[in-house]
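Colleague: Got a predicted structure here, sequence first:
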Amino acid sequence: MRKMVQKGRGRGLIKAAMLGLFTIGLVAGGANAETRLKVAGQHAPDHNATKQLNEIKKEVEAAGVGLKLQLFPSGQLGTGEQVFGDVAKGVIDIGHTFIYSHNDPLLEINTIPYLVDSYAQMNKVFTPGSNFYQTYSDLLDKQGVKLLGIFGEGFIGVGASKMPTDATGFGKKDITIRVWSAAVAKETAVDMGFNTTTIDWGDVFPALQQGVVDGVIGGTPEANYTTFLDAIKYYIPYNPFVENTAYYMSKTSWDELNAEQQKVIEDTFGKAAINSFASSEATDVEFMGKLAEAGVEVIALTDEERSAIAAHIRATTWPKLEETFGKDLMDQLKADTQ
């Protein structure tokens, strides 16, 4: 999971202010007045997620309901935490970022390890109709945010500059890897046998190069290829987590749209989210191939090896999570996968 840190973010905000970019600002034009929505993303311009945002922009604007989307990818408007806060306040209209748990520990349900262990389950759990989706939507609603859809990028593995001991099991690994700032991430990595430290996503590459850490958990094969290729020698597809980001909107901004505009926003973002799951498997396979072609050794796990790690995490880590989430909630979430 990512914390996108952009050195030019402050300058970008100043520039945006100077350009007079207002949240839900009406563009003069009489009967043809258009509502502009500011959309903040965390992915690079050439990433599949940003390409999808551009497709969403085209579709929304072509719907003829008086909406214009202004896209700000690459964390131009801040880190995931900052964008989420600004969306909740109505400063930014729509965000597409990973949802962190800094405001509510229960939001860590988006990274319960091995809750999802197949692409079919990914599509089932992270879409409307599941216990997970309803709970997640309700939690965000309490923050002043409307969930528009969950975007699945693929499964997360470990990229490393050193070969872990017992790389295909859950014994002691003898290397230190970066985890993101969530208790569930640390607990899972430790129970898999890793030593851990927390580092912002934007600082991981130099940390790998300088030997501050030996590896990183928190990225799909695509992220490891596009971000860490020159700093890793191994990639292990443990797949404990789904790299999932969210499309979400300020409830203040949502309430200022008319019913027709709301439907276009909800339908377009919702469709893009659901379509993401269908392409995530192909993307994972594609970029594991690219990693191998570039000289990174992909340490494949057999189904039995991955299942053994998953069983160990469910027996070891899940009981700890019940203390945070409560047994009733955990039982509801587990029911989605049965």
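Modeller: Now that the structure is in, tell me what you want to look at. Numbers count the residues shown, from 1 in each chain.

Colleague: Could I get the contacting residues of T252?
Modeller: The neighbours of T252, taking C-beta atoms under 8 Å, 6 or more residues apart in numbering as the test, are 89-90, 144. (Each C-beta comes from the backbone N, C-alpha and C, glycine too.)

Colleague: That one and D86: what is the separation?
Modeller: Noted for T252: a distance of 11 Å to D86, by C-beta to C-beta, to the nearest Å.

Colleague: repeat for E305
Modeller: When E305 is compared with D86 (using C-beta to C-beta), they lie 43 Å apart.

Colleague: Same question for G270.
Modeller: Distance from G270 to D86, by C-beta to C-beta: 22 Å.

Colleague: So for the two, which sits in the more crowded spot?
Modeller: Of the pair G270 and D86, D86 is the one with more neighbours under other C-beta atoms under 10 Å, namely 20 against 17.

Colleague: what's the following helix or strand after the helix or strand where the more buried one lies?
Modeller: Here D86, judged by DSSP states H and E, is contained in helix 80-89. Tracing the chain past helix 80-89, the next element assigned as helix or strand by DSSP H and E is strand 94-97.

Colleague: tell me the mean pLDDT for that following strand?
Modeller: Per-residue pLDDT over strand 94-97 has a mean of 97.

Colleague: quick one: contacts for E187?
Modeller: 317, 320-321.

Colleague: mind listing what's buried in the host helix or strand of it?
Modeller: Secondary structure assigned from DSSP H and E places E187 in helix 183-191. Judged by neighbour count (16 or more other C-beta atoms under 10 Å), helix 183-191 contains these buried residues: 184-189, 191.

Colleague: what do you get for stretch 324-338?
Modeller: 324-325, 329-330, 332-333, 336.

Colleague: go on, stretch 189-209?
Modeller: Within stretch 189-209, judged by 16+ other C-beta under 10 Å, the buried ones are 189, 191-194, 196, 199, 201-202, 204-205, 207-208.

Colleague: What of stretch 309-321?
Modeller: Residues of stretch 309-321 classed as buried by neighbour count (16+ other C-beta under 10 Å): 309-310, 312-314, 316-318, 321.

Colleague: ok, so of the residues you listed, who is nearest S279?
Modeller: A310 (23.7 Å; C-beta to C-beta).

Colleague: need the strands for the chain, in chain order.
Modeller: 25-27, 34-41, 67-72, 94-97, 145-155, 157-160, 176-179, 195-198, 215-219, 234-236, 242-250, 297-298 (DSSP state E).

Colleague: out of the ones you listed, nearest to E286?
Modeller: If you check each of the strands of the chain against E286 by C-beta to C-beta, strand 145-155 wins as the nearest, at 9.8 Å.
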